[in-house]
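[1] Here's my sequence, what's the structure:
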Amino acid sequence: MAGVKKTQEHHQLTDEELKQIVAEADTGGRKPTGAVAQAMMLIALAWSLFQLWIASPLPFTFGIFVFNDTESRAIHLAFSVFLAFMAYPAFKRSPREFIPAVDWLLAAVGAFCAAYLFLFYSQLSERPGSPTDYDLVVAVTGMVLLLEAARRALGLPMVILAIVFIIYIFAGPHMPDMIAHKGASLGKGMSHLWLTTEGVFGVALGVSSGFIFLFVLFGALLETAGAGNYFIKSAVGLLGHLRGGPAKAAVVASAATGVISGSSIANVVTTGTFTIPLMKRIGYRADKAAAVEVAGSVNGQIMPPVMGAAAFLMVEYVGIPYVQVLKHAIVPALISYIALFYIVHLEAMKANLQGIPRQNPKPWQQSLISFTMTMSGLVILAGIVYWGLGWIKTVAPDGSIVIIAILMSIAYIALLKLATKYPELHMDDPNDPIESLPDVGPTLKSGLHYLLPVAALIWNLMIEQLSPALSAFWATMFLCFILVTQRPITAFFRGVSSPAVEVRRGFQDLLDGLVTGARNMIGIGIATAAAGVIVGTVTLTGVGLVMTELVETLSGGNIVIMLFMVAFICLILGMGLPTTANYIIVSTLMAPVIVEVGAQNGLLVPLIAVHLFVFYFGLMADVTPPVGLASYAAAGIALTDPIKTGITAFTYSIRTAVLPFMFIFNTQLLLIDIEGPFHLILTLFSATVASLIFAAATQGWFMTRSKYWESGVLIALTFVLFRPGFIMDEVFPPYERLHGTAAVEAVNMVPDNGRLRLFIEGINIDGDEVSKGVLLPLGPKAATAKERFAAAGVKVIPFGEDIQVIGVDFGSQAEKLGIEQGFKISAVELPNERPAKEWIFLPAFIVLGLIVMIQRRRAKHLDPHAVAA
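    The predicted structure follows:
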């Protein structure tokens, strides 16, 4: 009986079952046939074409079908709601092969309610805040159907959270004193949530419509073209021969897939079906093999440029350019992946696991020379792209896009020609035995053309400095061209089939990619709309201030306790939510808590650091048991217990949970306030070493099995390397406080594009007394300090020992930081002259060297197998 039970619990998931898990979570589990399937396909295609149209310059060029932001959001949600009822069955036992009549009805009514702001935009604009009975019927019906669509596409946690906040709107006067508010009528509440851009149709849905769709579509097209398989094969080919090679390949493949995928579950299934059996085959325990894949795939959500669509929301919420968000997010993501890679290596060392041999092994000297030449070639190529192509922008600023398009096309054909010299990459059966690895060179060279659309995207963002939407549009157009042409061009070079046949297959690939991209967006569209309910509730009731007061009271003003409380609340709020909705909710409720409580207790950090903090901990809920479809999918592939997999994945992910605390106190990890190339290199090196030794400490293994005191020392060294300023601040005061005229004159001592630490006091527009510190971003140095204040959005005059704020520009960073007209700036702080905090690295590395010596000496006298046992 026990054997039967175990077999049932650890059932091997088939490819179809895995696809069904992804479908149920990401694209919808229904697979109707015939005319209904065609209808769903055409609607999804129409959605993709609509999004490409509004992102392109064509509407403004021809002056037709021009939609404003509100209209675009309404149409976007209408598509999303309609497809949600079509694609997601109501219950587990509901039919998958056809769509019941009731779902057709719900889809039509839901789409009408969502499109109401578009259909009656002019009438609604004539009666703002005065909804008719018909308006309210549509709003209530739309809200009910949106929550039902959310239940189907996202699960109950999102719906329960939204309902709790809706109840809070109407039951405010009957709540406990601490969270009570004056409440709202049905007309005011539903009008706010459905008929304005403060709730469902707010910023989050706008970002989904304007940015997220295009990047998800870009990823879907890239996957359809074959890039996902190429990334997996390349990773296995490069790393499979190392100790625990398949696990290291899983980490790298998950990171690469995370670049083009916004779904951790799809990432697990895409890479895990191939890498998990390989990990088990070389000796990884089943739950550890599954956990490596889960940790790597969930980490894909923090890897730029997609970041689970949160990057695009941060642009709006933080008020900085998209490229800046990517710059701040890249280092934590990379060192987190490096630490996971090292954890995998330590697990292989503990179990004495080996890799998979190559087909044609080379001497290590030859491999080292080949690797060095390859890396040098990549560096040289990057230099040519950066300086050579950047020079084109300088010489021909108006024609650079045309020139780059021609060069990209030539490079594309040349790389396809190169690829035809090697066998095509096909998906392997993960259950087939792999006796040896293929040669790395042919594998890498067979898909280099997949990197060109990514290069085009980066070019548009970095060099052309186009908007994220327009950058993604042109990169997607290039990718569409590749999808249509790669088959016929390859067939022509290989001479294996009729190009006309391959053209038809190319257009079919394009159609499949456009439809898949739209279906991948259903859940995200619903999530951003449903999360808008929480955002709307916060703006209507002021519950955000209640959260701030609650956390401040419970933490007693202690910053570390406050951060731990926020992290825990983010974990709870994030359970069962998709990444996008997760970030919207934690950033709306918890980011202001860190900003306000921190500002009142001397913790002044850039807003991006706060938003990345809550984003990381909201995301950790994807790993934390018992919730987490990624763990269930990976456990199904590995034939192990999903709860055990989730627990193991959580222990692997502790390294990611440490990072937010570190970059809150040391914003240099986000590449903020970096002073020159040497400082950058030192910051990257120290952070990477810190991440590695923390992984070693938590795994209990460094050069060999660690003793408890050694692990304790490694954790202490981790803290010192991640936050070198802590000890230096105890010895030398970090800042000098200035008042009055001296404070005004000191403003121009802040470096170009630096941040000014200033402390404000006053009564805000709600009549509340405010006393806090803020970090005000300053642009280039100006002729006078007042001009520099004005460039930052603040107009000031000295007034005795204080500086009076006489004006704040609408939409400026100063306004986002809570500075208001009538406030006074009581003081500013400038850094004190003192030794660089990085000097503390010197004794830290000496201690680390001693630990290395002690462990290496002990390892020489111990048998590795005995140590592992």
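
[2] May I see the buried residues of stretch 582-602?
    Under the neighbour-count criterion of 16 or more other CB atoms under 10 Å, stretch 582-602 has 582-601 buried. Backbone N, C-alpha and C define where each C-beta goes, glycine included.

[3] Show me which helix or strand of the chain is least confident by mean pLDDT.
    Within the chain, no helix or strand scores below helix 2-9, which has a mean of 38 by mean pLDDT, DSSP states H and E.

[4] Ala227 touches Tyr450, doesn't it?
    Yes - judged on CB atoms under 8 Å, Ala227 makes contact with Tyr450 at a distance of 4.1 Å.

[5] which SS class is Gly811?
    Going by DSSP: H, G, I helix; E, B strand; the rest coil, the secondary structure assigned to Gly811 is coil.

[6] Now for it, how many residues are close by?
    Neighbours of Gly811 under the rule other CB atoms under 10 Å: 10.

[7] Also Leu119?
    16.

[8] I'd like the distance between His615 and Ala310.
    Quick fix: residue 615 reads Phe, not His. Look at Phe615 and Ala310: by CB to CB, to the nearest Å, they are 5 Å apart.

[9] next one: Pro304
    If you measure Pro304 against Ala310 using CB to CB, the figure is 10 Å.

[10] Neighbour count for the two, which is higher?
    Ala310 (29 against 18).

[11] which residues are common contacts for Phe615 and Ala310?
    Shared contacts of Phe615 and Ala310, defined by CB atoms under 8 Å, 6 or more residues apart in numbering, comprise Tyr583.

[12] what ranges do the helices span in the stretch 601-750 of the chain?
    Ranges of helices in the stretch 601-750 of the chain, per DSSP state H, counting those that start in this stretch, are 607-620, 629-638, 642-665, 677-699, 708-722, 725-731, 740-746.

[13] What's the mean pLDDT across the longest helix along the chain?
    Counting by DSSP state H, the longest helix found in the chain is helix 499-541. Averaging pLDDT along helix 499-541 gives 89.

[14] Going by neighbour count, list what's buried in the helix or strand containing Thr476.
    Under the criterion of DSSP states H and E, Thr476 resides in helix 468-494. Neighbour-count burial for helix 468-494, with 16+ other CB under 10 Å as criterion, is recorded at 468-476, 478-492.

[15] quick one: it to chain centroid distance?
    25 Å (CA atoms, centre = their mean, to the nearest Å).

[16] Return the residues in contact with Ala180.
    Applying CB under 8 Å, 6+ apart, we find Ala180 in contact with Gly172, Pro173, His174.

[17] Ile320 too?
    Counting by CB under 8 Å, 6+ apart, Ile320 touches Met314, Ile608.

[18] what about 7 Å?
    Residues near Ile320 by CB atoms under 7 Å, 6 or more residues apart in numbering: Ile608.

[19] ok but it is inside a helix, no?
    No - counting by three-state DSSP, one finds Ile320 to be coil, located in no helix.

[20] Next, give phi and psi for it.
    Phi and psi for Ile320, reported as degrees, to the nearest 10, are phi -120, psi 160.

[21] now swap in Ile403 and tell me
    Here is the backbone geometry of Ile403 (degrees, to the nearest 10): phi -60, psi -50.
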